[in-house]
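Visitor: Give the three-dimensional model of this entry:
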Amino acid sequence: MTEMAQANRRQAGPRTVGQLAERFGVTVRTLHHYDEIGLLVPSERSAAGYRLYTEADVTRLQHVVVYRRLGFALEEIALLLDESRSSRDDVVRHLRRQRAAVMSRLDEMRGLVAAIDRALENEMNDQPATEQDLKVLFGESFDDYQGEAQQRWGDTDAWKQSQQRTKHYTKADWEQVKTETDRLNDAFLQAFRSGEPPTSEAAMAAAEAHREHIDRRFYDCDHAFHKCLADLYVSDPRYTATYDESLDVEGLAQYVHDAMYANAARHGA
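Guide: Numbering: from 1, shown residues only. Okay, the predicted model is just below:
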């Protein structure tokens, strides 16, 4: 039994229009209108002629309120309620009908919520990644690396092109970039640990994939420019640490440098 029904049963005797309006959250004017159209006519009157609502009237109003919340028109509600006159079986039948209607609406609402969630997710995925997103992906030192890179390369065409390309990258885009970068690092690492020389096909293939990744994701990177980048891996301790310390493999940065040079040479650079 609902809290509303329990409260109604605890209150014995006829209710006034004000009491009924307060109990069901409707206005006195609404109850007067229901009376005028015959939807809910109070069964009793006080000695002074005021409307008084019996227990049966309360039950009928409860059905009216529920049906209205479900979107039924007043005319439809009148037809539903006037099919019978609220015997116990009729009340059960109305409640079951209302429950079925509510469950149907719940299914519709769940479907609508799911559609909204999908649309929201798509919309959020189309938004450029935030600074916090990038820190989560690349570590708290991301800002330091970004600042150093801007100081070093900020006036170059490569930097400007990279900024132009990446300014609309979403979090999903950056996640893909990180996945690709990890895959490239693994290729270098496997070749190094397998004892392949930097001039081997495996090492040079890793170097070429590295160059293509930069060229596709950030800025135009031909083989000559790729050699310039390779020089940084052995001349700048911060770049060397990207391989030797981050991957905990001493000598890997030099190996990557040599593989990039070997790959550039076989392409005539």
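
Visitor: my guess is Leu134 contacts Trp174, does it?
Guide: Yes - Leu134 lies in contact with Trp174 (Cβ atoms under 8 Å); the separation is 6.3 Å. (Glycine included, C-beta is placed from N, CA and C.)

Visitor: what is the rounded mean pLDDT of whatever helix or strand Leu81 lives in?
Guide: Using DSSP states H and E, Leu81 maps to helix 74-82. Throughout helix 74-82, pLDDT has a mean value of 85.

Visitor: helices or strands up against the helix or strand just after that helix?
Guide: As assigned by DSSP H and E, the chain's next helix or strand after helix 74-82 is helix 88-125. With contacts taken as 3 or more Cβ pairs under 8 Å, 6 or more residues apart in numbering; DSSP states H and E, helix 88-125 sits against helix 55-69, helix 74-82.

Visitor: most packed of the ones you listed?
Guide: helix 55-69 (a mean of 19; mean count of other Cβ atoms under 10 Å).

Visitor: List phi and psi for Thr16.
Guide: Main-chain dihedrals, Thr16, degrees, to the nearest 10: phi -80, psi 170.

Visitor: Read off the pLDDT value for it.
Guide: In this model, Thr16 carries a pLDDT of 94.

Visitor: Check the burial of it by counting its neighbours.
Guide: By other Cβ atoms under 10 Å, 15 other residues sit near Thr16.

Visitor: Just grab the bridge partners of it for me.
Guide: In this entry, Thr16 is beta-bridged to Leu52, by DSSP bridges.

Visitor: wait, it sits on Leu52?
Guide: Yes - counting by Cβ under 8 Å, Thr16 does reach Leu52; the two are 6.5 Å apart.

Visitor: Quick check: neighbours shared by those two?
Guide: Ser46 (Cβ atoms under 8 Å, 6 or more residues apart in numbering).

Visitor: Okay, domains of this protein per the record?
Guide: Per automatic domain parsing, the domain ranges recorded for the chain read 3-123, 131-266.
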